[in-house]
Every structure is written in C-alpha cells, then in structure tokens.
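Chemist: When you get a sec, could you give me coordinates for this:
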Amino acid sequence: MLSEITLSFEPGPPIRGSAIYSLPEYSLRFEVESRDDFEGRFLKSGLTSLSIGSLQIEVDVGTGTALYAWGYHPHLAWHCGQVRPRDPVPGIVTVRRRHALRSGLSVPIADVLDWVTVHDNVTGWLRVAPRKSVDDDQLVLIATDTILGLRGHRLNSVWLRPKFETESVEEFVGQVDTVGLGDGPPRNSCRDPAAVRLPRPAPRDSECPDDQSPVASHPPMEKAIGRAGDQSSTSPTAGRGAPSVPARGHNLVRLAFSATPGVPTAGSLTFSIRDYSFDFEVRPGEDGGASFHDRPPARLLIGTLQLEVEAATGIVLFARGRHPHTTWVQGRVRPENQVPGVVTIHSEDALPTGMPVRIARVGEWVSVYDASSGWLRVAPSRRVDDDQLIHIAAGTLLGINDGWLNSVWLHPEFKAE
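Modeler: Have a look, this model is predicted:
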C-alpha cells in the first residue's frame with residue numbers, strides 16, 4: 001500500500017443502501033437508504049477516501065468509519081472468474097493514520113492497475129485485490145453488498161455486488177428510478193484472465209490513428225490526444241450518437257451559478273498521467289477566503305471530473321478527479337478576459353454532502369487540449385465565446401453563461417508518476 005494506514009474492525013450494523021454500477025459512465029456509486037439517518041451519524045467533520053486507482057472507499061473524517069465504495073472503475077478491464085465471499089461478518093471498519101485524515105484529500109492505497117478486478121457472472125460479485133491470495137482475509141460487510149477484506153490491520157481486498165444501470169441519472173444521486181437496473185454487465189464485457197493481460201496505464205503508439213499528430217509539449221501524452229472535431233477519440237460514447245441535451249439548459253440538475261469578485265483558492269493543480277486524474281493541493285493557510293477544511297464538501301460531476309463545493313455556502317472551490325487524457329482532442333484553447341472571483345451555486349434543494357450531483361454525463365462534454373498554451377477546456381459542443389470566465393482557483397476557470405455552468409478551463413502541471 002502506498003500510504004501507512006491501519007484498519008480495525010468491530011461488530012456493528014452495515015450501512016443500508018444500494019451499490020450501483022453505471023455502464024454508460026463506467027462508475028460505481030452508493031445510495032444510502034436513509035439520508036437523514038446517514039447525515040445524523042456521519043459527515044460532521046467532512047469526508048475523505050481511500051483511493052485504489054480511481055476506485056474510492058469513502059471514509060468519515062470524524063469517526064474514521066469506512067462507509068461505502070464509489071468512483072470510476074471501467075468494466076472493460078475486469079477479468080472473469082469465480083468470486084464467492086465466504087462468511088462475511090457485519091461490522092464497522094475504522095481507518096487510522098499517523099497524520100490526521102483531512103476532508104476532501106484522498107489517501108492513496110494502490111496505483112491504477114496495481115489491483116486486479118475479477119467479476120463473477122454467476123454470483124454477481126466482483127473482487128478488487130492485489131495479485132495475491134485473499135483466502136485468509138477477514139471479510140467485513142460494511143454496507144449493503146460491500147465487503148472489505150482485512151489482512152491484519154491492512155486493507156487487502158474490496159468485494160462488491162452492484163446492480164447494473166444502463167441509463168444515466170438525471171437528478172440528484174439518491175433519487176434514481178430502479179427501472180433499467182440489471183444483475184450484471186453485458187456478456188463478454190469482462191476478460192478471461194488466462195488469455196488477456198491488463199492494459200498498461202500509458203497509451204501505446206498503436207492507439208492513435210495515423211492521421212492524428214502527437215502533442216509536442218508533454219512526451220508521456222504523445223499520440224494520446226486527437227484533433228478537435230475527430231469525435232472518434234473524444235469519449236466512450238463516440239460512434240453511438242451524442243447524448244441528448246436536457247430541455248432546461250444543458251446541466252442535468254436544477255442549479256444556477258453566479259459570480260462575484262473574490263480571491264481564488266490558492267494551491268496547485270496537477271494531472272497524473274499514470275492515474276489519468278486531476279488533483280488540487282490547497283496551499284496551507286491560504287484558502288482563498290473559503291474556510292472549508294472542517295466542513296463536509298459537496299461534489300459536482302461532469303462525467304467523472306469533480307468540482308469540489310463548500311456545501312454551506314455553495315462556493316465552488318477547485319477541480320479534481322478522473323479525466324483520462326486519452327479522450328481529449330487537440331485544438332486551440334486560449335482563455336481571454338478572465339477575472340478573479342467566486343462562483344456560487346444556487347439550488348432549489350440543499351446540496352447533499354458526500355454524494356455527488358451530476359452536471360453532465362460521461363462523453364456529453366468535450367475536452368480540448370492546447371499543447372502550446374497548456375490549457376484544457378471541458379465544455380459542451382457549443383460556443384463558449386460569450387462565457388464569463390471566473391478564475392476560482394490556481395489553474396482553474398469556470399465559464400458562466402446566463403446563469404449556467406458552460407465550461408471548465410484547467411491549466412495543470414503534468415506528472416508522469
């Protein structure tokens with residue numbers, strides 16, 4: 001494991017709810033049965049997570065309780081095999097670390113592809129574990145259809161039995177209609193472990209068509225980014241038609257955005273080429289006027305890209321999350337007339353803490369990267385010329401247009417490791 005943490009177990013009731021895997025979005029989520037009960041027991045000091053690649057085990061900061069699993073976890077890389085958890089015990093797993101857990105800052109357990117995922121089409125269970133035996137793991141049922149396997153005081157396996165969703169959710173997570181839920185992924189969607197090797201995290205030369213010129217600035221990203229307008233390399237939904245845009249603007253939930261003068265969140269925005277993900281490290285003592293460390297955050301999702309939000313005020317703080325550069329297209333991106341400020345969300349309903357709110361589906365917004373300027377723009381396939389660009393955090397702009405979020409602009413530092 002990458003981080004020195006210890007886990008302990010005691011008997012107790014699992015969290016009741018539903019584990020769901022969205023096939024269009026390649027991602028897992030958990031919907032609690034009673035939100036009032038859940039927020040009464042947890043969330044008082046915020047949330048963090050244990051990261052296994054891009055799979056997250058949500059953890060309550062105040063109690064250290066491991067809650068449930070969520071995150072981007074493509075079924076295209078799963079292996080087929082026999083997965084049958086033996087004698088799991090209902091209980092509570094508590095996470096401890098030498099340094100205090102911090103809200104919003106995940107703790108890495110393993111890198112992408114370090115752990116292997118095996119799915120059993122018969123039992124419906126999938127197991128995420130390192131390439132070693134899990135026979136001696138102590139299996140603890142921490143939530144409905146969610147098991148953690150402990151080896152001594154270390155996390156050694158994660159076992160999940162999700163329902164599979166074929167359509168995206170168009171409202172707050174937690175209000176999903178169960179129509180469209182199934183018991184397993186499409187046939188042949190997982191791999192024979194004896195015949196197929198897991199893909200390498202870095203793209204190979206053969207993954208880029210000959211007519212796509214490489215990006216010159218960042219060698220690890222060469223030939224992973226296509227040209228703007230070449231929709232065959234923009235998203236997993238390419239070739240199946242663009243997703244329909246909701247009638248009420250292009251945001252899936254009923255949110256309004258406003259901008260006021262203010263100080264951007266100080267820190268550094270990075271993109272890990274190995275992990276296909278953005279991260280934002282807040283500079284200690286310089287929160288840009290937003291005191292959010294000890295408060296539960298809310299999250300907005302654009303595909304799998306996350307915008308962290310201070311739930312109490314609705315202020316958007318910074319961007320982070322999985323956003324594979326292999327889906328970006330190449331083009332001209334030059335933000336003009338940006339102004340420092342604060343973007344605030346206004347909602348008919350209170351933003352739920354710890355549960356992401358979807359703004360757009362995977363593949364609905366297009367990511368265009370400019371190797372010359374270093375800027376990445378994530379936006380719907382529409383004009384962004386009229387967007388009011390607000391500099392909300394280091395290397396992060398939000399484009400607001402007529403009260404809607406219309407674009408996200410990112411200028412990260414790239415990390416090969």
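
Chemist: Surely Gly403 and Ser258 touch.
Modeler: Yes: counting by CB atoms under 8 Å, Ser258 is a contact partner of Gly403 at 7.2 Å. Every C-beta, even on glycine, is put in place using the N, C-alpha and C of the backbone.

Chemist: Tell me which residues touch Leu305, please.
Modeler: Leu305 is in contact with 278, 319, 321-323, 378, 408, counting by CB atoms under 8 Å, 6 or more residues apart in numbering.

Chemist: just checking, which of the residues you listed belong to strands?
Modeler: Under the assignment DSSP state E, those contribute 278, 319, 321-322, 378, 408 to strands.

Chemist: What is the most widely separated pair among the residues you listed?
Modeler: Spatially, the most separated pair among the ones in strands among the contacts of Leu305 is Arg322 and Val408, at 14.3 Å (CB to CB).

Chemist: Chain neighbours aside, what residue packs nearest to Thr260?
Modeler: With sequence-adjacent residues excluded and distances taken as CB to CB, 6 or more residues apart in numbering, Thr260 is closest to Val342, at 5.3 Å.

Chemist: Show me how far the helix or strand containing the one you found is from its chain's centre.
Modeler: If you go by DSSP states H and E, Val342 is part of strand 339-347. Taking CA atoms, centre = their mean, to the nearest Å, the mean C-alpha location of strand 339-347 is offset from the chain mean by 22 Å.

Chemist: which parts of it are buried?
Modeler: Neighbour counts over strand 339-347 (16 or more other CB atoms under 10 Å) mark 341-345 as buried.

Chemist: a markdown table for those, including distance to Glu33?
Modeler: Listed next are those as a markdown table, based on distance: CB to CB, whole Å:
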| residue | distance to Glu33 |
| --- | --- |
| Gly341 | 39 |
| Val342 | 35 |
| Val343 | 33 |
| Thr344 | 31 |
| Ile345 | 26 |
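
Chemist: and of the residues you listed, the nearest to Tyr21?
Modeler: Set against Tyr21, the nearest of the buried residues of strand 339-347 by CB to CB is Ile345 (27.6 Å).

Chemist: List the residues that contact Pro14.
Modeler: Here Pro14 is in contact with 90-91, 141-144, 146 (CB under 8 Å, 6+ apart).

Chemist: wait, isn't the residue nearest to Thr260 in contact with Glu310?
Modeler: No: Val342 is beyond contact range of Glu310, at 10.1 Å (criterion: CB under 8 Å).

Chemist: Who does Ile315 form a beta bridge with?
Modeler: Glu310, Thr344 (DSSP bridges).

Chemist: And the strands in the stretch 251-400 of the chain, which stretches?
Modeler: 255-261, 267-272, 277-282, 297-302, 305-310, 315-322, 329-330, 339-347, 357-360, 366-369, 376-379, 388-393, 396-401 (DSSP state E, counting those that start in this stretch).

Chemist: for those strands, which one sits closest to His153?
Modeler: strand 277-282 (26.6 Å).

Chemist: Would you indicate which residues of stretch 29-36 are buried?
Modeler: Buried residues in stretch 29-36, counting neighbours by 16+ other CB under 10 Å, are found at 29-32, 35.

Chemist: for stretch 391-409, that is, sorry about that
Modeler: Buried residues in stretch 391-409, counted by 16+ other CB under 10 Å: 391-401, 404-409.

Chemist: Alright, that wraps it up for me.
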